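K.L.:
generate coordinates for the sequence data below:
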Amino acid sequence: MLHVVHHPHYVSPASVGSRFSFDKYGLVMAALSESGVRHVLHQPEPMPRHWIEAVHDPDYVAEVAASAVPPAKARRIGFPITERVTRRAFLAPGGTWLAAKLALAHGYAANSAGGSHHALADTGAGYCVFNDLAIAANRLLAEGDARRIMIVDLDVHQGDGTAALTAGRPDIFTFSIHAESNFPVRKARSSFDLGLADGADDAAYLTAMADHLPRAIDGFAPDLILYQAGVDPHRDDRLGRLALTDEGLRDRDRFVMHAARTRGIPLASALGGGYGDDRMEIARRHVRSVLALHEAFQQFVAPAEAGAAGD
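P.N.:
Predicted coordinates:
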């Protein structure tokens with residue numbers, strides 16, 4: 001069964017003057033229902049404030065909690081922080097943490113939001129308020145749910161915030177393949193970075209993954225993977241600079257799951273980026289990503305279950 005974390009308050013009205021639309025997260029659930037795939041929904045709680053403050057500057061957390069983020073920071077984020085955005089900002093890290101807990105129990109689970117990898121210690125950036133990946137990883141490690149966590153970030157944009165917030169930690173490995181000339185202009189240093197040239201296609205992308213991801217996993221030996229599964233490497237994405245097709249994204253996701261499951265590593269995915277005028281198509285692209293991960297995961301589960309039944 002596919003385990004999906006979602007909260008109705010992931011959806012928020014678009015902010016005046018911003019090109020970012022929160023309705024994508026509701027459309028994702030509509031597209032998931034449209035797919036006909038059976039799934040179990042899990043509703044997250046807001047991440048307790050002290051876990052957010054363990055990663056972000058408490059003064060910045062207070063600004064978000066009060067919906068009083070200064071205009072300069074709001075511009076850097078890309079939208080004003082209203083009360084509904086504040087509520088969502090606390091829910092998304094709770095969702096990624098819950099998806100990770102479900103993955104530890106079941107092998108795979110997906111958060112229908114999250115992947116906010118540009119948020120830094122004292123400010124958000126690039127449509128990201130709090131860095132759910134870093135927050136969830138820190139809590140999971142602190143509470144003993146995992147000893148070593150790898151964050152695999154395949155959004156078209158480098159996960160600069162995640163890299164900066166986890167720098168120097170021996171128990172977190174950050175892996176990023178992205179478009180080198182895309183946002184952010186100033187890249188952070190992940191544990192592993194590979195910037196691809198504009199227009200890199202399916203073959204170039206999958207070759208790069210095959211050359212580097214299995215080696216990184218084997219070298220670090222994580223007992224949990226958090227996967228930022230942005231679909232903005234797609235050739236039609238409004239903010240992307242790569243040229244992956246639908247089939248390329250599917251093969252990317254199947255490769256990541258195969259790399260995790262052949263090593264017995266649970267994996268939780270977060271939505272990440274995906275941009276375009278046809279928001280329903282973007283939502284379907286995200287759902288196809290989740291389903292590719294689920295289908296690849298099922299290939300490992302079904303034989304084991306069949307063998308158990310035969311015993």
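
K.L.:
from the chain's centroid, how far away is the biggest helix by length in the chain?
P.N.:
For the chain, the helix with the greatest residue count under DSSP state H is helix 279-310. Helix 279-310 has its C-alpha centroid displaced from the chain centroid by 17 Å (Cα atoms, centre = their mean, to the nearest Å).

K.L.:
before we move on, what about stretch 122-134?
P.N.:
Distance, stretch centre to chain centre, for stretch 122-134: 12 Å (Cα atoms, centre = their mean).

K.L.:
return that stretch as PDB; C-alpha atoms alone will do.
P.N.:
Taking Å, rounded to 0.1, in the frame of the first residue of the first chain, the C-alpha atoms of stretch 122-134 are listed here in PDB:
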ATOM      1  CA  ASP A 122      18.000  33.100   9.500                       C
ATOM      2  CA  THR A 123      15.800  33.500   6.400                       C
ATOM      3  CA  GLY A 124      13.800  31.600   3.800                       C
ATOM      4  CA  ALA A 125      14.600  31.800   0.100                       C
ATOM      5  CA  GLY A 126      13.400  30.600  -3.300                       C
ATOM      6  CA  TYR A 127       9.800  29.800  -2.200                       C
ATOM      7  CA  CYS A 128      11.100  28.000   0.900                       C
ATOM      8  CA  VAL A 129      10.200  29.100   4.500                       C
ATOM      9  CA  PHE A 130      11.600  26.400   6.700                       C
ATOM     10  CA  ASN A 131      14.000  23.600   5.600                       C
ATOM     11  CA  ASP A 132      11.900  20.500   6.200                       C
ATOM     12  CA  LEU A 133      14.600  18.200   5.100                       C
ATOM     13  CA  ALA A 134      17.200  19.500   7.600                       C
END
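
K.L.:
buried stuff in it?
P.N.:
Within stretch 122-134, the residues scored as buried using 16 or more other Cβ atoms under 10 Å are 123, 124, 125, 126, 127, 128, 129, 130, 131, 132, 133, 134. Every C-beta, even on glycine, is put in place using the N, C-alpha and C of the backbone.

K.L.:
from residue 161, how far out is the third one?
P.N.:
This points to residue 125. Relative to residue 161, residue 125 is positioned 7 Å away (Cβ to Cβ, to the nearest Å).
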